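*Asks:* here are the coordinates; sequence isn't available:
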């Protein structure tokens, strides 16, 4: 089995550096890399010397983490126990130099140079952060051959394409533990991301301890929140890895959890409790509200709990709260959200409507701009720079030029939510711009979709600072967060770091699946969460058969699953529904499908017998799998949901085997047989339980005799 997988991986390899037969497994790809002859053998004689400021504790901790990681991976039993400023070994085989001590700031020089020859390793950078980035490259270069572990001889000069490279993790809908957040921070560091955008408040939960306003967490969190000590721990943990923690406190909408303890700040009378906006509307009926009109109503028609932007007490409250938070989050950026406020809560309050008339405001958009300007002034007072979703932008010049606009609305949502412009438009008007359009992980798109984000597949304005993967938490919790974010976030990290010329999707997938394993080895729970979820559906003796099926399933693309969950009644809401169904943990990219496709492609080109045998191995596994699963369906709700996929996989495999046999016999093409089976296989593309069978195009290719394109992913409904 191992030999088969290694062979298939080699078939997938289309290296960006084709002069070497053994491709490197780096993600992201460095901006400049030269492969040289030779290998540096990793033995117990590996010694390290650091040239840096003695008080650069961040750097020394990073060097020791990397040293420990390499020692653990290679079992070389290095002689040095702990690297300190006193270890000035002139003859050390690894020399590390940081010209200056610094913490991570957006815009800082993150470059480094790494050279490895047969006997020496040199890592130099202008500052601490550059060394941290170079150490991650060094760890990824650690390779294994028949003689043991080694580093390939290379010369690397590397720097990021974009200065802002982040992940937004929502912890309001489902609470994510400190341990899980820190594991994700380690994964971010591996792929050289530098911003953790922590979405800490929303309708469903207020996750921050406030000592000035203790009812925020007491009544707005359902008991799940971070203490200030925990928040500081995460900030320090991230800082040690060259990552900034940017908090988001969502306002003026998405604010129901704020009002559970302080209803006097809201635009409409309470009482309030944390939960989806549909819950509050059900508990507070109003005949003046628009009627529900399907998915569009989530933004357009549903009344959201909203700060009263006309109440001076709101600004005094927020001034004190933000002041308190500045002692916890030292970064200069605070994200205010400001998205998806349709103004309905303001329209339905006669007092607010009168205030707007008095102040000559034509619409609730004017009141939104007024609120944003007041929050901007509060943040300035506390020496913070405002970041907000694209709704903070307006083309009349009212938004100060140092505000950062976070683009998120894709064209596919134009029917449901109004776009405020393109990233290029925001940048052309002088605003620093962050891109999350095309980087939403929660809509179950394959990594290739994110990797080929058209906005970034070309040279961009210097005002486009970079981007963020975005993981909203309606459909993740502490049990599946890692496997939902990773490894796809690695593809986004590469798009934000590597040159635009790095664009080979096949090679990206080859390295992405290796990254998945690397992250698991270093402590991320992505693979563990997948295996645990399988084990919750069937007993351990039968997990292998369930895995054979689920490994070739992928979730439906787009917003269908998300909207289905969000439109549930409060009694069946996404915060209480267990995320243990197959669609909650199935991978967005099937590694098995990619390997099978690579084999089919080679086979159709030359009908190589050894490749055909590998294809047959897969097809026989799939054909026989139904026999093993069939006795397990009775009474098992989660398994019954994918029973049709199990039957269809067995049938598709049988068709594939027949196609191979026909090709072996050089039988004249039977067009009727081909069309009949193509039609049957197409019927197997129907989704069941929000999942789809991923290998149909490949089996259809065996039937037709030519490689059929993979289905195009769509972000629509």
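*Replies:* It's in. Everything numeric here is computed off the predicted structure, so don't read it as measured data.
*Asks:* Spell out the secondary structure type for residue 249.
*Replies:* Following DSSP: H, G, I helix; E, B strand; the rest coil, the label given to residue 249 is strand.
*Asks:* And what about residue 246, helix, strand or coil?
*Replies:* strand.
*Asks:* burial of it, as a residue count?
*Replies:* 24 (other C-beta atoms under 10 Å). Just so you know, the C-beta spots here come from the backbone N, C-alpha and C atoms, and that holds for glycine as well.
*Asks:* how close does it get to residue 455?
*Replies:* Separation of residue 246 from residue 455 (C-beta to C-beta, to the nearest Å) stands at 21 Å.
*Asks:* Ok, residue 316 next?
*Replies:* 40 Å.
*Asks:* ditto for residue 109
*Replies:* 25 Å.
*Asks:* again, but for residue 171
*Replies:* From residue 171 to residue 455 the distance is 27 Å (C-beta to C-beta).
*Asks:* between those two, which one's more packed in?
*Replies:* The residue with more neighbours, out of residue 171 and residue 455, is residue 171; 27 against 18, by other C-beta under 10 Å.
*Asks:* Contact partners for the residue lying closest to that one once chain neighbours are set aside?
*Replies:* Nearest residue to residue 171, sequence neighbours excluded (C-beta to C-beta, 6 or more residues apart in numbering): residue 207, at 5.2 Å. Neighbour list for residue 207: 171-172, 175, 200-201, 217, 221, 224-226 [criterion: C-beta atoms under 8 Å, 6 or more residues apart in numbering].
*Asks:* Would you list the phi and psi of residue 207?
*Replies:* phi -110, psi 20 (degrees, to the nearest 10).
*Asks:* buried set for stretch 575-582?
*Replies:* 575, 579, 581-582 (16 or more other C-beta atoms under 10 Å).
*Asks:* ok so, going back, I'd like the contacts of residue 207 laid out as CSV, including secondary structure and pLDDT.
*Replies:* Shown next, in CSV, are the contacts of residue 207 (DSSP: H, G, I helix; E, B strand; the rest coil; pLDDT from 0 to 100):
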residue, secondary structure, pLDDT
171, coil, 98
172, coil, 98
175, coil, 97
200, strand, 98
201, strand, 98
217, helix, 98
221, coil, 98
224, coil, 98
225, coil, 98
226, strand, 98
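*Asks:* I'd assumed residue 217 was in contact with residue 175.
*Replies:* No - checked against C-beta atoms under 8 Å, the pair residue 175 and residue 217 is beyond contact range at 11.6 Å.
*Asks:* higher neighbour count, the two?
*Replies:* In terms of neighbours (other C-beta under 10 Å), residue 217 is the more surrounded of residue 175 and residue 217; the figures are 24 against 20.
*Asks:* Next up, the contacts around the more buried one.
*Replies:* Neighbours of residue 217 in contact, by C-beta under 8 Å, 6+ apart: 206-210, 225.
*Asks:* Please apply the same query to residue 108.
*Replies:* Counted by C-beta under 8 Å, 6+ apart, residue 108 has contacts 102, 127, 129, 163.
*Asks:* gap between it and residue 133?
*Replies:* For residue 108, the distance to residue 133 equals 11 Å [C-beta to C-beta].
*Asks:* Same question for residue 47.
*Replies:* For residue 47 relative to residue 133 (C-beta to C-beta), the value is 22 Å.
*Asks:* same check, this time on residue 452
*Replies:* 24 Å.
*Asks:* Tell me which of those two has more neighbours.
*Replies:* Between residue 452 and residue 133, counted using other C-beta under 10 Å, residue 133 has the larger neighbour count: 25 against 15.
*Asks:* That one contacts residue 158, doesn't it?
*Replies:* Yes - assessed by C-beta under 8 Å, residue 133 is found in contact with residue 158 at 7.1 Å.
*Asks:* intersection of neighbour lists for the two?
*Replies:* Common contact partners of residue 133 and residue 158 (C-beta under 8 Å, 6+ apart): 111-112.
*Asks:* picking that back up, so which of the contacts of residue 108 is the most crowded?
*Replies:* The most crowded member of the contacts of residue 108, judged by other C-beta under 10 Å, is residue 129 (28 neighbours).
*Asks:* ok so that residue is a helix residue?
*Replies:* Yes - under three-state DSSP, residue 129 falls within a helix.
*Asks:* Contacts made by stretch 487-497 with the rest, please.
*Replies:* 27-29, 160-162, 164-165, 167, 187-188, 191-193, 439, 441, 446-448, 450-451, 453, 456, 466-467, 469, 471, 502, 508, 512-513, 515-516, 519, 526, 588-589.
*Asks:* Which ones among those lie within helices?
*Replies:* Counting by DSSP state H, the contacts of stretch 487-497 place 187-188, 447-448, 450-451, 508, 512-513, 515-516, 519, 526 in helices.
*Asks:* quick one: contacts of the helix or strand hosting residue 315?
*Replies:* Element membership for residue 315, per DSSP states H and E: helix 312-326. Residues outside helix 312-326 that contact it (C-beta under 8 Å, 6+ apart) are 208, 210-213, 216, 247, 249, 251, 262, 264-265, 307-308, 334, 374-375, 378-379, 381-384.
*Asks:* how about 7 Å then?
*Replies:* Contact with helix 312-326 is made by 210, 212-213, 247, 264-265, 307-308, 334, 374-375, 378-379, 382, 384, as judged by C-beta atoms under 7 Å, 6 or more residues apart in numbering.
*Asks:* Quick check: buried residues in that helix?
*Replies:* Of the residues in helix 312-326, 314-315, 317-319, 321-322, 324-326 count as buried by neighbour count, 16+ other C-beta under 10 Å.
*Asks:* If we only consider these, which is nearest to residue 427?
*Replies:* residue 322 (27.2 Å; C-beta to C-beta).
*Asks:* how far is stretch 420-428 from where the chain is centred?
*Replies:* 23 Å (C-alpha atoms, centre = their mean, to the nearest Å).
*Asks:* Show me what it is in contact with.
*Replies:* 390-391, 393, 405, 407, 433, 435, 437, 455, 461, 463-464.
*Asks:* Looking at those, which are in strands?
*Replies:* Using DSSP state E, the subset of those located in strands is 405, 407, 433, 435, 464.
*Asks:* On the strand side of things, show who the second one bridges to.
*Replies:* Just to be clear, that refers to residue 407. residue 435 (DSSP bridges).
*Asks:* pretty sure it contacts residue 437?
*Replies:* Yes - because the distance of 5.1 Å satisfies C-beta atoms under 7 Å, residue 407 is recorded as touching residue 437.
*Asks:* that older thread, which PyMOL command selects the buried ones in the contacts of residue 217?
*Replies:* Typed into PyMOL, the line below selects the buried ones among the contacts of residue 217, using 16+ other C-beta under 10 Å:
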select buried, resi 206+207+208+209+210+225
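*Asks:* Can you pick out the most distant pair from the contacts of residue 217?
*Replies:* Across those (C-beta to C-beta), the longest gap, 10.9 Å, separates 207 and 210.
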